[in-house]
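**Student:** can you look at this prediction? I've put the sequence above it.
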2 protein chains.
Amino acid sequence: MRNDSRATIVDVAALAGVHAGTVSRALSRPDKVAPATRERVEAAVKELGFVPSRAARGLITGKTGYVGVIVPDITNPYFAVLVRSIEHAARDADFQVLLVDTGERSDEEVRAVRGLAREVDGFIVLSPRRLHREVDAIGETPAVFVNRQVRGRASVLLRSASAAEEALRHLAALGHTKITYLRGPQGSWAATERRDAVRRTSRASGVEVVEIAGCAPTFEGGQDAVERAATNGSSAVIAFNDQMALGVLAGLTRRGIRVPEEMSIVGCDDVPVAAMVAPPLTTIRMPTDEAGAVAVELLADSTAKVELFGSLVVRASTGPVGARSQPIR
Amino acid sequence: MRNDSRATIVDVAALAGVHAGTVSRALSRPDKVAPATRERVEAAVKELGFVPSRAARGLITGKTGYVGVIVPDITNPYFAVLVRSIEHAARDADFQVLLVDTGERSDEEVRAVRGLAREVDGFIVLSPRRLHREVDAIGETPAVFVNRQVRGRASVLLRSASAAEEALRHLAALGHTKITYLRGPQGSWAATERRDAVRRTSRASGVEVVEIAGCAPTFEGGQDAVERAATNGSSAVIAFNDQMALGVLAGLTRRGIRVPEEMSIVGCDDVPVAAMVAPPLTTIRMPTDEAGAVAVELLADSTAKVELFGSLVVRASTGPVGARSQPIR
DNA sequence: ATGAAAGCGCTAACAA
DNA sequence: TTGTTAGCGCTTTCAT
């Protein structure tokens, strides 16, 4: 093909010896056009390397072919994995992904949505920090919220409650009777769900849970919590997410406390690196690939609510209660 | 504001009591319009929450306001960091990012570029796997290649050569006389540059370098190389990137070989997790934030070539040659 | 089955 | 300084 990426539908029409309208039809509803004509059109399209302009098409159809994906921080591996699955599902559905990284700045969510509302067919919003409280900014545009429920809007929820219970039972079975739970950020849907699950199971399983709050859901946050976790008499830590768990692991290692012999660790999300540290992290795996695909589907069904469930992956960071039975120092 | 995201320029014009053309001017060249008119228009814009349609505007100006970012794998932290910096720089320059994750499939690069050439003002291509050999697919559209030089196209190169030399000298100063270099993928620009630098410095500094090739530039690739690296008599490993270095670290740890006492490790890229493992990785930091900003700038200057330089960050995975002076086993 | 014509929302010449 | 007009590339009636 000549691969003239500037060719328009009129060029194609001319080459095929038909009118532009016919080309349009041949492309969108091939059955509405005579076989011979269709072939001539297809040949011309190929010859010129013609690709219809989404902009021009969208102007008249009202469909742009774009989906806006709003994410707090693409360098957070949890979000990166989600974005990848969304991107692939979107492509399969003939959407292009418009990526917005808000840099964890909640006002950017609102700004971005205001600016984009007209040029996307829908939004997929990952773990919104504020947008769920200012949904009006989205207007009529379809939107799917991931890990946040919003009245009248579609959502896909990655539920970790039952897996968190699994984790607690796993630790109980290993002989742990007192564990530390590192809470996630206030106001986070996932954090609330997970904390509640831990509390509930704690009572049921007879494991005493010491909660630590106020730490950032990051590597540093995990490190900050190590001091307390190591001296409160618990023999295991469940962290809100893998980043924190990694922080705990690093902090413990630096203090010379062995994992899992002296202290067990459970993370959450099963981020890629969770399997790459020593010892590999026991964690809760979330069906993120599926989540992306579902989110894209829900764009078309704008009020549905889908729940997906995580499950425990046992690796080497958890083990039986060891020699150390009392607080260090 | 009424925040009617469906308002058009005509609605604004009506509300302001002027013609649509005047609104257009008031928005794009405010100085070309009477102050009083401008104020009325601005008020109307605010009142209606009017946001001009990029599609309609682009149709006539030929500028779409989109930049296509093509990345092999967004879950690779190195690319994630780059994409974030590109996204932020793009926003500052009033561009929206169209993200394409090729899933490491080189034919997707070409497909994506063909499909998007008309709807973006330019492409930023990160570490292309094939596109650099099929540049014609891009046509007239401006393109900036990151970590790849292409004739007649702009590029930003993250040079690691001098930092790699630094790394070797750093190890030499610690007493290492024989080290292993884990090579990157064949055909990668970065891999070639780094390998050449290591070879060159090897001769100059009197450090013997054993190269290992054929491993994937991943965590697993690093793990696979551990066996050989641990038994070839070297006391340090320089890996093509942090992922591999992480794999080496994990493999070494599992074998009970202590880092850095028995074996030193140097990575490359200074990916976020590099600082989060135990021991934190000595690595080569790349100015990725700057790279993103530069790449966006180069969209406007489509043949420039910019080079940015990495530098060694010494952490705890490197240390003086220890007791172990001969191969294990 | 195909052509003709109108129009999506906007900008840019040109007039006034 | 502002209004008028044409038209970007496409789809979609409505005729034919």
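**Tutor:** Thanks, I have the structure now.
**Student:** next, the residue of the stretch 101-250 of chain A found nearest DNA strand C: phi, psi?
**Tutor:** Distances between the stretch 101-250 of chain A and DNA strand C by Cβ to the nearest atom of the strand are smallest at A:Arg118, namely 7.6 Å. (C-beta placed from N, C-alpha, C; glycine too.) Per-residue torsions, A:Arg118: phi -80, psi -20 (degrees, to the nearest 10).
**Student:** that one and chain B: what is the separation?
**Tutor:** Distance, A:Arg118 to chain B, by Cβ to the nearest Cβ, to the nearest Å: 6 Å.
**Student:** mind checking pLDDT for that residue?
**Tutor:** Per-residue confidence (pLDDT) for A:Arg118: 92.
**Student:** please apply the same query to the one 3 residues further on.
**Tutor:** Taken from the predicted model, the pLDDT recorded for A:Asp121 is 97.
**Student:** and it, what is it in contact with?
**Tutor:** Counting by Cβ atoms under 8 Å, 6 or more residues apart in numbering or on different chains, A:Asp121 touches A:63-67, A:95, A:141-142, A:299.
**Student:** what is the neighbour count of A:Val321?
**Tutor:** 19 (other Cβ atoms under 10 Å in any protein chain shown).
**Student:** quick one: contacts for it?
**Tutor:** By Cβ under 8 Å, 6+ apart, the contact set of A:Val321 is A:174-177, A:235.
**Student:** try it again with 10 Å
**Tutor:** By Cβ atoms under 10 Å, 6 or more residues apart in numbering or on different chains, the contact list for A:Val321 reads A:171, A:174-178, A:235-236, A:260-264.
**Student:** over to A:Gly68?
**Tutor:** Counting by Cβ under 10 Å, 6+ apart, A:Gly68 has contacts A:97-100, A:112-113, A:115-117, A:119-125, A:138, A:141, A:143, B:96.
**Student:** one more time with 7 Å, if that's ok
**Tutor:** A:98, A:100, A:116, A:120, A:123 (Cβ atoms under 7 Å, 6 or more residues apart in numbering or on different chains).
**Student:** and if you look at A:Ile212?
**Tutor:** A:180, A:182-183, A:225, A:228-229.
**Student:** just to revisit the earlier point, now, the contacts of A:Gly68 that are in helices?
**Tutor:** A:Leu116 (DSSP state H).
**Student:** and of the contacts of A:Gly68, the nearest to A:Tyr78?
**Tutor:** Closest to A:Tyr78 out of the contacts of A:Gly68 is A:Val100 (16.9 Å), distances taken as Cβ to Cβ.
**Student:** could you give the backbone dihedrals for the nearest residue to the closest one once chain neighbours are set aside?
**Tutor:** With sequence-adjacent residues excluded and distances taken as Cβ to Cβ, 6 or more residues apart in numbering or on different chains, A:Val100 is closest to A:Ala112, at 4.4 Å. Dihedral angles phi and psi of A:Ala112 (degrees, to the nearest 10) take the values phi -60, psi -50.
**Student:** burial count for A:Leu59?
**Tutor:** A:Leu59, neighbours per other Cβ under 10 Å, totals 15.
**Student:** the residue nearest to A:Val100 contacts A:Ile70, correct?
**Tutor:** Yes - assessed by Cβ atoms under 7 Å, A:Ala112 is found in contact with A:Ile70 at 5.9 Å.
**Student:** between these two, which one's more packed in?
**Tutor:** Between A:Ala112 and A:Ile70, counted using other Cβ under 10 Å, the more crowded position is A:Ile70 (26 against 22).
**Student:** so which residues on chain A come close to DNA strand D?
**Tutor:** With Cβ under 7 Å from any atom of the strand as the criterion, chain A meets DNA strand D at residues A:6, A:8-10, A:20-21, A:23-25, A:27-28, A:50, A:52-53, A:56-57, A:59-61.
**Student:** are any of those buried, and if so which?
**Tutor:** For those, a neighbour count by 16 or more other Cβ atoms under 10 Å in any protein chain shown gives the buried set as A:8-9, A:23-25, A:27, A:50, A:52-53, A:56-57.
**Student:** reformat those residues as a markdown table; add pLDDT and distance to chain B.
**Tutor:** Converted to a markdown table, those look like this (pLDDT from 0 to 100; distance: Cβ to the nearest Cβ, whole Å):
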| residue | pLDDT | distance to chain B |
| --- | --- | --- |
| A:Thr8 | 96 | 10 |
| A:Ile9 | 96 | 12 |
| A:Val23 | 97 | 16 |
| A:Ser24 | 96 | 16 |
| A:Arg25 | 96 | 21 |
| A:Leu27 | 96 | 14 |
| A:Phe50 | 95 | 10 |
| A:Pro52 | 96 | 9 |
| A:Ser53 | 96 | 6 |
| A:Ala56 | 97 | 6 |
| A:Arg57 | 96 | 9 |
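**Student:** burial measure for A:Gln243, as a count.
**Tutor:** 28.
**Student:** check what pLDDT it gets.
**Tutor:** For A:Gln243, pLDDT reads 96.
**Student:** report the contact partners of it.
**Tutor:** Counted by Cβ under 7 Å, 6+ apart, A:Gln243 has contacts A:217-219, A:222.
**Student:** show me those residues that map onto strands.
**Tutor:** Among the contacts of A:Gln243, no member falls in strands (DSSP state E).
**Student:** and which of these is nearest A:Gln149?
**Tutor:** A:Pro217 (19.6 Å).
**Student:** restricted to helices, list the contacts of A:Val321.
**Tutor:** Short answer: the contacts of A:Val321 in helices (DSSP H) are A:Leu171.
**Student:** re the thing from before, out of the residues of chain A next to DNA strand D, which touch DNA strand C?
**Tutor:** Answer for the residues of chain A next to DNA strand D near DNA strand C (Cβ under 7 Å from any atom of the strand): A:20-21, A:25, A:56, A:59-60.
**Student:** so the residue of the stretch 101-250 of chain A closest to DNA strand C is in contact with B:Pro52, correct?
**Tutor:** No - using Cβ under 7 Å as the test, A:Arg118 is too far from B:Pro52 to be in contact (8.6 Å).
**Student:** hmm, back to that, the residue nearest to A:Val100 and B:Phe219, how far apart?
**Tutor:** 33 Å (Cβ to Cβ, to the nearest Å).
**Student:** same deal with A:Gly233?
**Tutor:** 35 Å.
**Student:** who has more neighbours, the two?
**Tutor:** B:Phe219 (22 against 15).
**Student:** pairing partners for the helix or strand harbouring A:Leu157, with directions?
**Tutor:** A:Leu157 belongs to strand A:154-159 when assigned by DSSP states H and E. Neighbouring strands of strand A:154-159 in its sheet, by DSSP bridges, are strand A:143-146 (parallel), strand A:305-309 (parallel).
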